[in-house]
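S.K.: Give me coordinates for this.
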Amino acid sequence: MSKGNNHQGRQNSISICSKCEKKAVIELQHGLYCGTHFISYFENKVFRTIQKFKLIDRNDKICVATSGGKDSLTVLYLVKKYLERQNINSASITALAIDEGIADYRDKTLLDLKKFCDDHDVELTIANFKDKEHLGATLDIAYPKINKVTGKKPCNVCGVWRRYLLNKYAKKLNATKLVTGHNLDDEAQAIMMNICKANTKLAAKLGPMSGISDQAGFVRRIKPLYLCSEKETRLYTFLKKWKVEYTECPNVVQSYRAEIRDSLNSLESKYKGTKHGIVKSFLDMMPLLRERELANISKGKTNGSPKKCITCSEPSNLMECNACKLKAIFEDQKNE
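M.R.: As a prediction, this is how the structure comes out:
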């Protein structure tokens, strides 16, 4: 066979699925996959992640943090499918969304989410920033006033209140586990953010199941997409033909995470497997980080038991939680 034919043979082989004769849609470390075999590969990887890290017990009441984006729809669908496969009552799963009030963004994703939940028979609860008992205004309204005093970026303010409401409503829904759509890219970013800030205490709380141990007042968070890349999740939703807004939050460009994300994407494009290597290395180190943090707690160097916020009574490591502090700043500023 001539060199030209050899080259042509290699070209043709690149486009063929490793499992069958269909056209491949993606090339991964383990081979080439057509749409059908990629869906099977992806779903099995999520199910294996749940089992390997013991993320779900038979008696768990599952609450899935959802936004209508690709990751949250994927994890909602696959956790429900996993429960059904394991003969666990899938009615024990509920979806929880937070409406921050980000104009021309959140309203669109919530429309997709509502339809998705209706189509898949999942109960949906939506908590709003603007409710009086919450922040009392949309993020778009509250942020400029909070920023004027604190200098905080929108993602800092949003993140505090999103985490606060997710935990508060997960408890209201009697959830024992709170599922999030964090994927491998997200985790690699979080690891590097904590390394760059020398925050090993916070890093110890990362991983497929967040937190070092169960804490009163907090619902443990689990990440079934932990080993799935953003590229894989995006392709999965595309192949499933779900209606998904692939646009990102307009505020994310101002965040520190976005800078880390762009740096990691640049490294990944030059050195394939960079993100996977970061996460794998972290998983190897995680037991040591958690062991050290538990030792610090036992020695009294770190507070292991959260207090109750003096304003809202939700768990907090401070006398007053950050959510209430931000709300107080907004209340002071909104009349000026």
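S.K.: Could you use CA atoms for every contact and neighbour count after this?
M.R.: Fine.
S.K.: ok, which stretches of this protein are helices?
M.R.: 3-14, 35-52, 70-85, 106-119, 139-150, 154-172, 184-196, 200-203, 230-240, 256-270, 274-298, 322-333 (DSSP state H).
S.K.: buried ones in the fifth one?
M.R.: The reference is to helix 139-150. Within helix 139-150, the residues that qualify as buried by neighbour count (16 or more other CA atoms under 10 Å) are 139, 142-147.
S.K.: Which of those sits closest to residue 196?
M.R.: Ranked by distance to residue 196 (CA to CA), these are led by residue 147 at 24.1 Å.
S.K.: Please report the distance of the closest one from residue 327.
M.R.: Using CA to CA, to the nearest Å, we find residue 147 at a distance of 12 Å from residue 327.
S.K.: okay, and the common contacts of those two?
M.R.: Shared contacts of residue 147 and residue 327, defined by CA atoms under 8 Å, 6 or more residues apart in numbering, are absent.
S.K.: Show the contacting residues for residue 191.
M.R.: 203, 206, 278-279, 282.
S.K.: before we move on, what about residue 216?
M.R.: With CA under 8 Å, 6+ apart, residue 216 has these contacts: 305-306, 315.
S.K.: Let me see the confidence value for it.
M.R.: For residue 216, the pLDDT comes out at 84.
S.K.: and it, what are its phi and psi?
M.R.: Residue 216 has phi and psi values of phi -60, psi 130 when expressed as degrees, to the nearest 10.
S.K.: Take the contacts of residue 191 and write them to TSV, including pLDDT.
M.R.: Putting the contacts of residue 191 into TSV (pLDDT from 0 to 100) gives the following:
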residue	pLDDT
203	90
206	94
278	97
279	97
282	96
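S.K.: quick one: which of those is nearest residue 181?
M.R.: Among the contacts of residue 191, and counting by CA to CA, the member closest to residue 181 is residue 206, at 13.8 Å.
S.K.: where in this protein is pLDDT low?
M.R.: 1-14, 301-304 (pLDDT under 70).
S.K.: measure the residue at minimal distance from the centre of it to residue 157 for me?
M.R.: The residue lying closest to the centre of the chain (CA atoms, centre = their mean) is residue 182, at 2.5 Å. Computed as CA to CA, the residue 182 to residue 157 distance reads 19 Å.
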